[in-house]
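Asks: This is a predicted model, with the sequence first.
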Amino acid sequence: AHLRSLVLDDAAVRRLGGQGRATLLFSPPGRPSAAARAYIRAGEADGVDRAYKCRVRTPWWRVPLPAKADVLVTYMNDESVCLCANLACVRHLNSVHGLRLADGARRLGAPVLALAAANSVTALGAELVGRSYGGGLLKLEPREAARLPVPSTGLVARRARALKDFLPAARRLLTAGERERVRNEVDRILGLEALIGAGIDAAVVAVPTIHHEEVALALARAGVHALVEKPIAHCSRAGRRVADAFAERDLVGAVGYVERCNPALRALRERLDAGELGEVYQVLTRRQGPFPARISDVGVVKDLATH
């Protein structure tokens, strides 16, 4: 709960404390005061000193603290990994990970970097490098956290203005539990460049048809194999440009003609080829399901007759 809204500042720490959340750590510098010693004795009376982590420490009550981190990263996750800018400069325990930014990244600002990481590629990467446990829990150990794919500082720098503009709204949305809306907007801001920058080998192009050519050509230029949903493009000339781009680079460029794999249609073709139905003069078809609302930039002929 502490790290779910991109920024942990002094006001957030006070608010969490007012809600009864754990925000204070017993860590007396040097020799404990009389009050601190009384607190330690109370802990020993409750058996706290016999707990596992306490048994292996000397003294048992002094918790080792790493250096203050610029960004905190969630360790145990119920939905997705979250990055949070540590503007309050709090110390953290091993229940979260801490990142210290290089100078170039620090100039971009920890809040902007945390927001940029709230994208679909990073979320998918967490599922791939992390450990899934029962009940939907995702755990990220230190070595796994180091492999988490996040946008490059160059990409974030190019999109910094849009990310900064969205940051206040993103924090409000996350507080309201609208993580998916934040992710969708960050994806829109970062664009295809973020996906290619993650080092993907192949992609499926399932954007509106009018954008097929633009996206497919960008993938071809980056050396990424692609399956383009049908129709391949909005016109035959654009389709030829897409096909040529993949062929020239010896890349796999396929089109999603799923009906070619439909068992009923394959059986029909076999019977036609065998002459079982005689000579065909006319074919009548009827769509059984509703026309998808998302297909708004091409008509029924281009979307269905391509099969």
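Replies: Looks like it arrived, so ask away. From a predicted model like this one, the values you see are computed outputs, not experimental measurements. Residues are numbered from 1 along each chain as shown.
Asks: Please state the backbone phi and psi of Arg131?
Replies: phi -120, psi 120 (degrees, to the nearest 10).
Asks: which residues of the stretch 51-200 of the chain fall in helices?
Replies: 52-55, 103-108, 110-116, 120-129, 142-145, 153-158, 160-175, 179-190, 192-197 (DSSP state H, counting those that start in this stretch).
Asks: Can you say which of these is nearest to Gly289?
Replies: Smallest distance to Gly289 across the helices of the stretch 51-200 of the chain (Cβ to Cβ): 25.5 Å, for helix 179-190. (Each C-beta comes from the backbone N, C-alpha and C, glycine too.)
Asks: and Trp108, how many residues sit next to it?
Replies: Wrong residue type there; residue 108 is Leu, not Trp. 17 (other Cβ atoms under 10 Å).
Asks: which residues does it contact?
Replies: Counting by Cβ atoms under 8 Å, 6 or more residues apart in numbering, Leu108 touches Thr153, Val156, Ala157, Ala160.
Asks: pLDDT weak spots in the stretch 201-307 of the chain?
Replies: 290-305, 307 (pLDDT under 70).
Asks: winner for burial among the helices of the stretch 51-200 of the chain?
Replies: Counting by mean count of other Cβ atoms under 10 Å, helix 110-116 has the highest mean neighbour count of those, with a mean of 24.
Asks: Residues contacting it, please?
Replies: Residues contacting helix 110-116 (Cβ under 8 Å, 6+ apart): 6-7, 70-71, 82-87, 101, 105, 150-151, 153, 155-156, 159-160, 163-164, 166-167, 170, 182, 186, 190.
Asks: Try it again at 7 Å.
Replies: 6-7, 70-71, 83-86, 101, 105, 151, 156, 160, 163-164, 167, 170, 186, 190 (Cβ atoms under 7 Å, 6 or more residues apart in numbering).
Asks: what do you get for stretch 122-135?
Replies: With Cβ under 7 Å, 6+ apart as the test, stretch 122-135 has contacts from Ser80, Val81, Leu138, Lys139, Leu140, Glu144, Arg147, Leu148, Pro149, Val150, Arg183.
Asks: before we move on, the earlier item: list just the nearest of the contacts of Leu108 to Ala264.
Replies: Nearest member of the contacts of Leu108 to Ala264, counting by Cβ to Cβ, is Val156, at 49.0 Å.
Asks: Skip the chain neighbours and tell me the closest residue to the closest one.
Replies: Leaving aside its sequence neighbours, Val156 sits nearest to Ala116 (Cβ to Cβ, 6 or more residues apart in numbering; 4.7 Å).
Asks: And the pLDDT at the one you found?
Replies: Looking at Ala116, its pLDDT reads 95.
Asks: any idea how far Ser152 is from the spatially most central residue of the chain?
Replies: Computing the C-alpha centroid of the chain and ranking residues by Cα atoms, centre = their mean puts Ala123 first, at 2.5 Å. For Ala123, the distance to Ser152 (Cβ to Cβ, to the nearest Å) stands at 17 Å.
Asks: Now Asp70. Nearest residue, chain neighbours left out?
Replies: That would be Leu101: by Cβ to Cβ, 6+ apart, it lies 4.4 Å from Asp70.
Asks: which residues sit in contact with the one you found?
Replies: Residues near Leu101 by Cβ under 7 Å, 6+ apart: Asp70, Val71, Ala110.
Asks: The first one and Asn119, how far apart?
Replies: Plainly put, Asp70 is 20 Å away from Asn119 if you go by Cβ to Cβ.
Asks: Please apply the same query to the last one.
Replies: According to Cβ to Cβ, Ala110 stands 16 Å off from Asn119.
Asks: Mind pulling the model confidence for the residue nearest to Asp70?
Replies: Leu101 carries a pLDDT value of 93.
Asks: Same check on Val121?
Replies: Value for Val121, per-residue pLDDT: 84.
Asks: Report how many residues lie close to Ala35.
Replies: 9.
Asks: what's the distance between the nearest residue to Pro66 once chain neighbours are set aside and Tyr133?
Replies: The shortest distance from Pro66 to any non-neighbouring residue, by Cβ to Cβ, 6+ apart, is to Gly98 (5.9 Å). Remark: distance between Gly98 and Tyr133 (Cβ to Cβ) = 23 Å.
Asks: Looking at those two, which is more packed in?
Replies: Of the pair Gly98 and Tyr133, Gly98 is the one with more neighbours under other Cβ under 10 Å, namely 19 against 10.
Asks: Show me what that one is bridged to.
Replies: With DSSP bridges applied, Gly98 shows beta-bridge pairing to Leu72.
Asks: got a list of what Asp244 touches?
Replies: Contacts of Asp244 by Cβ under 7 Å, 6+ apart: none found.
Asks: Just the buried residues out of the contacts of stretch 122-135, in PyMOL syntax.
Replies: Provided next is the PyMOL selection string for whichever of the contacts of stretch 122-135 are buried by 16 or more other Cβ atoms under 10 Å:
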select buried, resi 80+81+138+140+144+148+149+150+183
